[in-house]
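*Asks:* Kindly generate the corresponding structure for this input.
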Amino acid sequence: MIKGVGKQIVLLNNTDSDIFEQAIFILRSGDKVQYKDVVKECERMMNHHIKAQKEPPAHNWWKIGFFASLALVAILILICFLK
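*Replies:* Sure thing, here's the model as predicted:
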């Protein structure tokens, strides 16, 4: 559906980023926003996304240790019964 409403769009080219070639932000309708506030919000969003991409996934090492210990105990019990 096409409406006759004009939207404000911020287009960032040449971001000097290894991840983004271009970023497009479409502003919500409503009050006019100052340029510095738009830039600050765009930077915040891009930095958050880049940080999220670089962080390694969290592993639950305690689960791996628990199940490895459980398997070891099961093997030892099995060896004791086979003797």
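*Asks:* what are the ranges of the strands in the protein?
*Replies:* Listed in chain order, the strands of the chain (DSSP state E) span 9-13, 22-26.
*Asks:* Tell me the neighbouring strands of the first one, and mark each as parallel or antiparallel.
*Replies:* In this case it means strand 9-13. Looking at strand 9-13 with DSSP bridges, its partner strands are strand 22-26 (antiparallel).
*Asks:* Residues contacting the partner strand, please?
*Replies:* Applying CB atoms under 8 Å, 6 or more residues apart in numbering, the contact partners of strand 22-26 are Lys7, Gln8, Ile9, Val10, Leu11, Leu12, Asn13, Thr15, Val38, Cys42, Met45, Met46. Bear in mind the C-beta positions are built from the backbone N, C-alpha and C, glycine included.
*Asks:* So the first one sits against Gly30, correct?
*Replies:* No - in this structure, Lys7 is not within contact of Gly30 by CB atoms under 8 Å, at 10.8 Å.
*Asks:* I'd like the strands of the chain as JSON lines, with mean neighbour count, mean pLDDT and distance to Asn60 appended.
*Replies:* Formatted as JSON lines, those follow (neighbours: other CB atoms under 10 Å; pLDDT from 0 to 100; distance: least, CB to CB, whole Å):
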{"stretch": "strand 9-13", "mean neighbour count": "11", "mean pLDDT": "80", "distance to Asn60": "38"}
{"stretch": "strand 22-26", "mean neighbour count": "12", "mean pLDDT": "82", "distance to Asn60": "34"}
